[in-house]
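Chemist: Sequence first, then the predicted structure, then my questions.
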Amino acid sequence: MAVNLSKGGRINLEKEAPGLQSVLLGLGWDVKKTDGIDFDLDASVLMLDANDKAIGEGGFIFYNSPTSTCGSVIHQGDNRSGAGDGDDETITVEFSKIPENVMKMMIAVTIHDADSRNQNFGQVDNAFIRVANHKSNEDIARYDLTEDYSTETSLIFGELYRKDGEWRFAAKGDGFAGGLSAYLAIFGIES
């Protein structure tokens, strides 16, 4: 049974699922009624070192660069509409392939062309991230984002991080305006 987390909640993945080797990150959302302009939300993972700086372009995984250089993180494809129930986009992470210098992985969702389309996360409902055992697809943790993000165009849904040699997950819900380029700049990548 999955642990339901609130914003800021943390869980030790290996204690909840002993022998865990890889996870599936399922991200989902629904769009409220809008003026008819399609929403395109994009999930991504950014690998960080101990100083919270990106390890380089090979550590930024998204629909247009779906596999990390080390092969540990694989984006399973872009869903351009968010239609349907369940996961809209999924990403797999294989822990044994993660380089030692990677201490965190930020899992974010950004709204494509949000500024030109006048869109923000205030127009998105039922956003969530779930962390599942990739082998069994059994949920380990889930975080439902419930705040009203009326100006934010990018949201960090969660974070995988290494502590005491074990992988953990933190529910974040940190939002900001400025889209993908502003999000990447925080961690030292200029787009």
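Modeler: The structure has been received and is ready for your questions.
Chemist: Verify the stated contact: residue 178 with residue 154.
Modeler: Yes. At 6.9 Å, residue 178 and residue 154 qualify as touching, with contact defined as CB atoms under 8 Å. Any C-beta I mention is one placed from the backbone N, CA and C, and that applies to glycine too.
Chemist: The two: which is more packed in?
Modeler: Per other CB atoms under 10 Å, whichever of residue 178 and residue 154 has more neighbours is residue 154, with 26 against 16.
Chemist: What residues are bridge-paired with the more buried one?
Modeler: residue 110, residue 176 (DSSP bridges).
Chemist: so it makes contact with residue 109?
Modeler: Yes. Judged on CB under 8 Å, residue 154 makes contact with residue 109 at a distance of 7.3 Å.
Chemist: Give the burial count for residue 174, as a bare number.
Modeler: Counted by other CB under 10 Å, the residues lying close to residue 174 total 18.
Chemist: State the helix or strand in which the residue nearest in space to the middle of the chain lies.
Modeler: By CA atoms, centre = their mean, the mean C-alpha position of the chain lies nearest to residue 107, the distance being 2.4 Å. Per DSSP states H and E, residue 107 falls inside strand 104-111.
Chemist: Contacts for that strand, please.
Modeler: Strand 104-111 is contacted by residues 25, 27, 29, 39-48, 52, 73, 91, 93, 117, 119-121, 124, 127, 129, 153-162, 172, 179-180, 183, 187 when judged by CB atoms under 8 Å, 6 or more residues apart in numbering.
Chemist: Sort out which of those are buried, if you could.
Modeler: The neighbour-count criterion (16 or more other CB atoms under 10 Å) marks 25, 27, 29, 39-48, 73, 91, 93, 117, 119-121, 124, 127, 129, 153-162, 172, 179-180, 183, 187 among the contacts of strand 104-111 as buried.
Chemist: out of those, which are inside strands?
Modeler: With DSSP state E as the criterion, strands contain 25, 27, 29, 41-48, 73, 91, 93, 124, 127, 129, 154-162, 172 from among these.
Chemist: Mind listing what's buried along stretch 89-105?
Modeler: Going by neighbour count (16+ other CB under 10 Å), the buried part of stretch 89-105 is 89-95, 98, 102-105.
Chemist: cool, and stretch 175-191?
Modeler: Buried residues in stretch 175-191 (16+ other CB under 10 Å): 175-176, 178-180, 183-184, 186-187, 189.
Chemist: my guess is residue 115 is in a strand, correct?
Modeler: No. Using DSSP: H, G, I helix; E, B strand; the rest coil, the secondary structure at residue 115 is helix, not a strand.
Chemist: Name all residues that make contact with it.
Modeler: Neighbours of residue 115 in contact, by CB under 8 Å, 6+ apart: 153, 179.
Chemist: Equivalent analysis for the one 5 residues further on, please.
Modeler: Contact criterion CB under 8 Å, 6+ apart gives 111, 114, 149-153, 177 as the residues in contact with residue 120.
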